[in-house]
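1. predicted structure and sequence below. I'll ask about it afterward.
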Amino acid sequence: MEYIGEATWIGELGRTLVVLAFVSALFSAFVMFASRGDVKLLRWGKAGFLVHAISIFSIVGLLFFMLLGHYFEYDYAWKHTSLDLEKRFVFSAFWEGQEGSFLLWMFWHSVLGLVLMFTAKKWVAPLIGFLSIVQGILVTMILGIYVWGTKVGISPFVLIRELPENAGLPWTKLPDYLQQIEAFADGTGLNPLLQNYWMTIHPPTLFLGFASVVVPFLFAMSGLLKNDHKGWIKPALPWTYFSISILGTGILMGGAWAYEALSFGGFWAWDPVENASLVPWLVLVGAGHLMLIERNRGGSAHATYLFVFLSFFFILYSTFLTRSGVLGDTSVHSFVDLGLNGQLLILLFTFILLPMVFYFYRFSSIPKGDGSEDFWSREFWMFVGSLLLFVSGFQIIFSTSIPVIDKIIGPMGLIPILSKQMASPVDEIAHYNGWQIPFAIAIGFLMAVGQFLSYRKTKLKWTWVPLARSLALAMLLTLLFALPYDLHKNPLYFMLLLSGWYVVVANIDYWISVMKAKIRFSGSSMAHVGFGLLLVGALISNGAKKFISKSPVHLSESFPSNENLLIELGDTVKMADFGVTFTGVEQIAHRRYYNMDYLKRNEAGEYEYDFSLRPHLQLNDQMGLVPEPSTKHYFHKDIFTHLTYASDMDKRGDEDGYGEEMEFLMAKGDTFIVNRHFLILDSVNAEPVFDENQNVKRLTIEAVLRLLATNGEVYFVRPSYTIEGETDTHHEVIVKEAGVKIRFEDVNIEKNKLFLITKQKVDDDDEFVVLKAIIFPWINILWVGCILMGLGAMVAAYQRVRRG
Amino acid sequence: MKKTHIIALVLIFTAIGVVISTLSDSGTYIDFRSAQINMGKTYTVIGELDKGGEIKYDARNNLLTFYAIDKIGEVSKVYYRDVKPTDFERSEDITMKGFATDSGFVATEILLKCPSKYNEQNNLADNE
């Protein structure tokens, strides 16, 4: 049977390309490992990978074509896009689903693979060989074929009528189902939270970061394969710092998105999905520093291998955590189980076993450290710092893994040891901060001091001077920022602030006094300064954040005072030093803006207009109403305003607030109950108007009704109904006191009764909003820190390439 | 003993500390009845919205009240002193952190699991 209007070629081409990508990856892996220096075979292997990369690029292009062309017969297009989706958000739609995000990952692997193929010289064969294995397993995630009855992967090129749940349904047998069934005319659209500009750049950056962690891993595997434990470090170093830069930037962009578009009021919430991307980064930073030790002094080969393998392992483990659905109860934004768990576990275990096998096979030939590090050497403290980063990552991932632990040893798990289901810590933020703040303090001090130590042995006499003057300046800055916000009352906060400023000052000092402020040596200093500023900014903006929208209502003493405040339309409410007026509502397309004027007292003590914020609601058919905050940015603080409720969010009645329609057929003398009032029909008046031929030109019929309240109050109501030629007009009556609206709809001639419609007041007349407003002091320090850290790591990568 | 060994030992002890602290910090998912035994102590309860019960959001007092059914089928009135989350009525599972009182469970934090497009697909597949 021929279906009308289906673009089946997209699916056929797509699936063919996926198979081609899979086969070429396997081919490339096989040939690369078989080549053993054979130039001809190497060329074949390269060709294989080229075919693989081109297939992946074509799949990506084809999927974009499908999404942009609104081919709603395809499940992926139908689920993730709609006709009214703005073009720039088609990128967000691409990676909204698991299939698309796997593709994005493979896309970056292919790009990185091509770069490696043309630059890695003697390392090409093993690098591309191992990468092809990774790619081969990843492609199976989007294969979507059945192998011995088991489904392998989920294809993005599936027609809706081919979905297993639709198999055999009657409509799938209609040749013109696309035209007949209305649902196919438009897709269900993109999650409104993703319709944000950060969502068009955050995922590709994060995924490039995620994907690039594979490069140091490939180099380490190649080092083991070639039994060359030193040679791979040099070419891998710039890649490692590239990865640190991009992954770090990607994670922080996610924070920026959360801050701009989400409602929790902050940039970091220790959410499992955030943790899952942070941990590989922490371990990778550790690995990068161990690689520096190994390159400059040697003796840390074992630790370097382990850290590189661990960083890639955590990438895969994060993938498993976020995509397997295991986090369902603890995270709001993880993917739901798509039935890929088996494959995800295969991916994970392959890359636990493969490196382990190689590592233990080469164990005896990997050089050991002689343990002769001097206590005052740079490498010793860098080593300690790397371990600290790992322990910090371990703490985060362990707590995030509680649902996984529960799956293994919980009451319903594989080995039921525990009798109760484990839950995440009751106060998660306090739990994570309790561990991570001390770690951050320690790492900060290491970063401040470490730079001034030299490899092998440091002449201490000389080093104390810059360290002491930096510490003095850092202390001054710390006091300057701590005192206004009472941060010194919390010793941990105070130490973190000091540690952060110490990193900043000491590294600037080092760059100026030792590196002579040369731009080409600025990489590590810049990245360290960035990290220090990040600690400072995160601490001040979070530790000193202030809810200015406090409501006076308390539930009990132990209950925190409410952080939401109600403002009626036209009212001005005091929020800290501001007066805030709710001046109106404006709707633009599917976004409804609530205008809030912030007023400030002038010298005379009168309120004066300062600025406006417009938090808004996105009106979305599938997701309901989605609020988005609005923030006023100053140099030294942000004023974040978030709409938590608006009275028009769940309007039940008409524009005028009347709803719950009831219909009555009434004869004279009948009584009905409307909104706790008796409605009685007393009489009917008819008032005809005749034209010159004595025909009825206009007829007005009036119902004379009485509305009786339980307290004895009586309202007389006279709704009327006029017929003139072909047109009817109705005169509706509203009794405000009773909250009743009456319409005389028609006369039922057969039954000789009047047809009346009543509505009652269901909505509050007064419009109001409930707001949450927070001041984040010095959050700009955080963002500057992020940018410097990303840039610094990039400069470090560039330096390494230049030095060759 | 080499310095690296000392560090390794410190590392191992820190890791053990992490594990123990996480396990002791971690709550357990319990039901309303167990929460009743220790009134005022914070627990995490997973349940679902009782669709038959009244859901009331009083915006002026900023109080959401609803009824939830826990995993063993017990119904409890829940007070949540915050704004009604978007899509509340459509939620599948509700994870509630809070404490029990005489008149019901007071949630300080709630997390919804909403039926996403994927869920629907999975449920359909499971029914086969």
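-> Received it, and whenever you're ready, just let me know what you need.
2. where in chain B is pLDDT low?
-> Residues of chain B meeting the criterion pLDDT under 70: B:1-3, B:86, B:113-128.
3. do the stretch 651-800 of chain A as well
-> Looking at the stretch 651-800 of chain A by pLDDT under 70, you get A:651-653, A:764-765.
4. residue nearest the centroid of chain B?
-> B:T95 (2.9 Å; Cα atoms, centre = their mean).
5. can you tell me the SS state at that one?
-> strand (DSSP: H, G, I helix; E, B strand; the rest coil).
6. how about the nearest residue to it once chain neighbours are set aside, secondary structure?
-> Once flanking residues are discounted, B:T95 sits nearest to B:L111: 4.3 Å by Cβ to Cβ, 6 or more residues apart in numbering or on different chains. C-betas here are computed from N, CA, C, even on glycine. Secondary structure, three-state DSSP: B:L111 is strand.
7. with A:Y594 instead?
-> Going by three-state DSSP: A:Y594 is strand.
8. chain B versus A:I142, what's the distance?
-> With distances taken as Cβ to the nearest Cβ, to the nearest Å, A:I142 is found 15 Å from chain B.
9. correct me, but that residue touches A:G97?
-> No: using Cβ atoms under 8 Å as the test, A:I142 is too far from A:G97 to be in contact (10.3 Å).
10. have a look at the two and say which one is more surrounded.
-> When A:I142 and A:G97 are compared for neighbours, A:I142 comes out ahead with 26 against 20, by other Cβ atoms under 10 Å in any protein chain shown.
11. can you tell me the SS state at the more buried one?
-> Three-state assignment for A:I142 (three-state DSSP): coil.
12. same question, A:A258
-> Applying three-state DSSP: A:A258 is helix.
13. and it, what's its pLDDT?
-> Each residue has a pLDDT score; the one for A:A258 is 85.
14. for it, which non-adjacent residue is spatially closest?
-> A:F267 (5.7 Å).
15. mind listing the shared neighbours of A:I142 and A:G97?
-> A:P156 (Cβ atoms under 8 Å, 6 or more residues apart in numbering or on different chains).
16. re earlier: thought the residue nearest to B:T95 was touching B:I94?
-> Yes: contact status for B:L111 versus B:I94: in contact at 7.3 Å, counting by Cβ under 8 Å.
17. more crowded one of these two?
-> Legend: neighbour count by other Cβ under 10 Å for B:L111 and B:I94, higher for B:I94 (23 against 19).
18. need the contact list for the more buried one.
-> B:I94 sits in contact with B:46-49, B:68, B:110-113, where contact means Cβ under 8 Å, 6+ apart.
19. for chain A, identify the residue most remote from the centre.
-> Max distance from the centre of chain A (Cα atoms, centre = their mean): A:N693, 75.8 Å.
20. state the phi and psi torsions of that residue.
-> phi -90, psi 10 (degrees, to the nearest 10).
21. distance check, it against A:L699.
-> 15 Å (Cβ to Cβ, to the nearest Å).
22. and what of A:Y241?
-> A:Y241 is 88 Å from A:L699, by Cβ to Cβ.
23. so which of these two has more stuff around it?
-> A:Y241 (29 against 15).
24. and the more buried one, that one's in a strand?
-> No: per three-state DSSP, A:Y241 lies outside any strand segment and is helix.
25. any idea which element the closest residue to it other than its chain neighbours lies in?
-> Sequence neighbours aside, A:A797 is the residue nearest to A:Y241 in space, at 3.8 Å (criterion: Cβ to Cβ, 6+ apart). Here A:A797 is covered by helix A:779-803, with elements defined by DSSP states H and E.
26. now that helix: how far from the chain's centre is it?
-> 23 Å (Cα atoms, centre = their mean, to the nearest Å).
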